[in-house]
Every structure is written in structure tokens, then in C-alpha cells.
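**Q** Let me see the structure of the following:
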Amino acid sequence: MSITRSLLRGRGSLDSGKVGMVELFFDLVFVFAVTQLSHSLLAHLSILGAVQVALLMVAVWWVWIFTSWITNWLDPEKLPIRIGLFGLMIAGLLLSSAIPKAFTERGLMFAAAFVFMQVGRTLFAIWAVRGESLSMTRNFQRILVWLMLSGVFWMAGAFVEAEQRLWCWSAALLIELISPSLYFWVPGLGRSSLSDWNVEGNHMAERCGLFVIIALGESLLVTGATFADLPLSAGGLLAFLVSVLGSIAMWWVYFDSGAERAHHRIAHSTDPGRQARIAYTYLHVLIVAGVIVSAVADELVLVHPDHASDAGILAIIAGPWLFLLGNALFKWVMADRLLPPLSHLAGLVLLMLSFPLALNHWFSALQLGALTTTIVIVVAVWETLALRQTSSPVVSEKASRE
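**A** Residues are numbered from 1 along each chain as shown. I've put the predicted structure just below:
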């Protein structure tokens, strides 16, 4: 294939890592998916419901991040790639619409849409890189084998009852989650290498940051829509303020310094594939999960400010805890720290200490929400003051001990 007909994304130019408008259009499907996930968790606030929604959430993240890897290699401004993304959008809408009933009557729709997106996108990628280097083709062939294997379990799960479906889909997701760590090793085809995953760091960092924005946007939508339906009261206004400040604090923790510094690091890395795999592919799912659970907690605090069930208490604490855990690990990996940020570790400890007190009903739902929001704000302020001591875009030794 000639260079002029290549479907690969350009590298090395000023805007080679720019996220295209078609990618942003594609992301709108996942705005809907995040909404469906948070509403499903709220409707099934139990241990089983949380496990089911967690599985679906990781699946949604996985199909999105794999697509982001593909558009990191392939140019979405080229007509064939654009048309391929539109096809994935249609399947993504079907997948998202099936989320609330994925473990009942719409299991087949969810599984079929998911397998179509994973397997179909990889087959398309194999076609798109024909004529490119053999190592790139082999990489997608190995990925295809793993996704076809997991696809068997996704489809099998769609034809059994909910309990067996959970086990089948858990096996399918486990296969997909471990495959990158095994470099997609396949007998006869060998395994991929990090050089095969040479990503455009600017693009990967921006894509994941945009998904965090999607999740935070859902949190604000939940807060605004719920507050709009409530009778006006002082308690309602206070709950509204607590929820909004919690979203702002989470934005600050992720975007004020962490995302920018990680972006700088991966963009200038000689080994971006390793960082993209660990920090962006795996660890970001904890950050997104934290925001989604926090959105559920915000609605609980707004609707029932005086009392929360044990499940509600867990949601109010678990959301910020997952978010801080994901950020701590993300910043640890991307800054080569000896330890995760002390501010984040302190926040995690405070949240854990509040859990037994909350179970003993020391706090109302509103008071507990205010406490968790305050903890995230403290983390944000602590980190900001520590990192503002240096103007370098790379974390200094002093800042890394914050």
C-alpha cells in the first residue's frame, strides 16, 4: 500500500495526537452508557447488584479503551475508519440500551453487541493495516484470537439464567483483562511486544481524560436533575452544594496536576506502550468507577438526606475511595514515585476510618456526604499546595514526597 493510501494516524506532527470530532461524536454513546450504569446501580443497590453493575461497567470501559487504542493507530479522519466508527456507534447504542436488563431479558442484545464491537473492530483493523508491517498485522491477529475466545463465553452466558450468566461473563471479562498482560500470546503466533504498541501519547492521555469528563458530567447531570425534582428546602440546597463540590473536588484531583503531568510524561516517553497499558488501560477504570458510584451517592444524599441504608453508606464512601485509589495508583505509576501521593493515602485512610462510624449511624446521609466531600477537598488542597512549590512540568523529588 502506498503511503498516501495508508489508514494509519500520522506521527510526529504538531497535531498528530489531536482527538478528532468523530471520536468525540463516538463518545456520546458512552455518555448514555455511563448514565445507564449509574441508574442500574441505584436501582439494584445490593451486593449482587453491585457485582453485576461492576462487571458491566468494566465491560463498557474495556470496549471503549480498546477502540481508543485502535483510533490511536488508525486515522479517524480517513473515510473507512470514520465509517467503521459509525458502525461501532450503532452497536454501542444497542449495548448501552441493554445495560439495565443485561441480566434478564436483554442479555443476548448486550452480549451480541459487545462481541460485535470487540471482534468486528479487530477484524476491521486487520483489514485496515493490510500492506503495513507484518508485526502490526500479527498483533491484531493475536488480539482477535483472544477476543474470539472470550466471545464464546459472552454468547454462552446470554443463553443461561442470571446466576450462570454472571459466571460466564466474569470468565469472558477475565480472559479479556489478562490478555494484554500476557502480550496476547497465541501458540504459533507468538506474543506481541511493547514496540508493537507504540502509541501516540498525546492522543491516549487526552482520550482517557475525556472519558473522565464524561463520568463527571454524568455526576453533575444526576445532581441537577434530582435537585430539580425536589421541593425547595435548606436541606436540599445543602445536599446540592455538597454534591456539586464533590464533583468539583474530583475534577481538581484528577485534572489540576495529575493528568497534565502524566500527559507530559507519556508524550515524551521512549516507552509509551507500557504506560498506556498500565496507567491508562487498567488503572483508569478505578477512577471512572469512583465517579460513577459517587454519582449514585449524590442522588441518595439528595433524595434521602436524613438516612442511608448500609448499601447507601457503602456507596457514599466507596465512590470517593475508588476515585482516590485510582488516582493514587495512576500518579504513582506515571511519576516513578517511591510511594503513591501521601495526600491520597491520607484520604483513603480517612475514608476507611469513617466506614465503621457510618455503619453505627453516627452520621446522616447528608453529614456523611459532606464528610467524604470534605476529605476529597482536603486531598485536592494538600496536593495543590505541595505541587505548587515547583513550576517544573515533571514532578520534583520534593513534590514526590508530598
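**Q** any low-confidence regions in this protein?
**A** 1-4, 12-16, 390-402 (pLDDT under 70).
**Q** any idea how it splits into domains?
**A** Using automatic domain parsing, the domain parsing of the chain gives 3-197, 201-400.
**Q** most packed of the ones you listed?
**A** domain 201-400 (a mean of 20; mean count of other CB atoms under 10 Å). For the C-beta atoms, the positions are set from N, CA and C on the backbone; glycine is no exception.
**Q** Next secondary structure element downstream of the helix or strand encompassing residue 319?
**A** In this structure, residue 319 sits in helix 310-335 according to DSSP states H and E. As assigned by DSSP H and E, the chain's next helix or strand after helix 310-335 is helix 342-359.
**Q** Please name every helix or strand in contact with the very next helix or strand once past that next one.
**A** Using DSSP H and E, the helix or strand that directly follows helix 342-359 along the chain is helix 365-387. Applying 3 or more CB pairs under 8 Å, 6 or more residues apart in numbering; DSSP states H and E, one finds that helix 365-387 makes contact with helix 234-253, helix 284-303, helix 310-335, helix 342-359.
**Q** Which one, of the ones you listed, ends up nearest to residue 141?
**A** For residue 141, the closest of these is helix 284-303, at 25.9 Å, according to CB to CB.
**Q** I figured residue 343 hits residue 386, correct?
**A** Yes. If you go by CB atoms under 8 Å, residue 343 and residue 386 touch, sitting 6.9 Å apart.
**Q** List the contacts of stretch 355-370.
**A** Applying CB atoms under 8 Å, 6 or more residues apart in numbering, the contact partners of stretch 355-370 are 235, 238-239, 242-243, 246, 297-298, 300-301, 304-308, 310, 312-314, 316-317, 354, 371.
**Q** need the contact list for the nearest residue to residue 141 once chain neighbours are set aside.
**A** Distances taken as CB to CB, 6 or more residues apart in numbering put residue 189 closest to residue 141, at 6.1 Å, once the chain neighbours are dropped. Applying CB under 8 Å, 6+ apart, one finds that residue 189 lies in contact with 138, 141, 142, 145.
**Q** And the next helix or strand past the helix or strand harbouring the first one?
**A** Secondary-structure element containing residue 138, defined by DSSP H and E: helix 134-157. Once helix 134-157 ends, the next helix or strand along the chain (criterion: DSSP H and E) is helix 162-178.
**Q** so the helix or strand just after that next one versus helix 310-335, what angle?
**A** Sequence order places helix 201-228 as the next helix or strand after helix 162-178, per DSSP H and E. Put simply, helix 201-228 runs at 160 degrees to helix 310-335, going by axes from the mean of the first three to the mean of the last three CA atoms, to 10 degrees.
**Q** Can you spell out which helices and strands pack onto the helix holding residue 138?
**A** Helix 134-157 packs on helix 107-115, helix 121-128, helix 162-178, going by 3+ CB pairs under 8 Å, 6+ apart.
**Q** Now tell me what touches the longest one from outside.
**A** Okay, so that is helix 162-178. Against helix 162-178 from outside (CB under 8 Å, 6+ apart): 51-52, 55, 58-59, 62, 103-104, 107, 111, 118, 146-147, 149-154, 156-158, 160.
**Q** One more pass at 10 Å, please.
**A** 48, 51-52, 54-56, 58-59, 62-63, 66, 102-104, 107, 110-111, 114-115, 118, 143, 146-147, 149-160, 281-282, 285 (CB atoms under 10 Å, 6 or more residues apart in numbering).
**Q** Using TSV, please lay out the helices and strands packed on helix 134-157 together with distance to residue 79.
**A** Shown next, in TSV, are the helices and strands packed on helix 134-157 (distance: least, CB to CB, whole Å):
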stretch	distance to residue 79
helix 107-115	24
helix 121-128	12
helix 162-178	29
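**Q** List just the one of the ones you listed that sits closest to residue 267.
**A** helix 121-128 (23.7 Å).
**Q** List the contacts of the closest one.
**A** 6-8, 63, 66-67, 69-70, 73-75, 78, 80-81, 83-85, 87-88, 91, 136-148.
**Q** if we go to 7 Å?
**A** Helix 121-128 is contacted from outside by 7, 67, 70, 74, 80-81, 84, 88, 137, 140-141, 143-144, 147, using CB atoms under 7 Å, 6 or more residues apart in numbering.
**Q** Stretch 192-210 too?
**A** By CB under 7 Å, 6+ apart, stretch 192-210 touches 9, 11, 16-17, 19, 27, 68, 72, 135-136, 139, 142, 183-184, 259, 262-263, 266-267, 269, 271-274, 276-277, 280, 284.
**Q** what about 8 Å?
**A** 9, 11, 16-19, 23-24, 27, 65, 68-69, 71-73, 135-136, 138-139, 142, 183-184, 254-255, 259, 262-263, 266-269, 271-277, 280, 284.
**Q** where do the strands sit along the stretch 1-150 of the chain?
**A** Secondary structure of the stretch 1-150 of the chain by DSSP state E, counting those that start in this stretch: no strands are present.
**Q** ranges for the helices of it?
**A** Ranges of helices in the stretch 1-150 of the chain, per DSSP state H, counting those that start in this stretch, are 21-43, 47-73, 79-98, 107-115, 121-128, 134-157.
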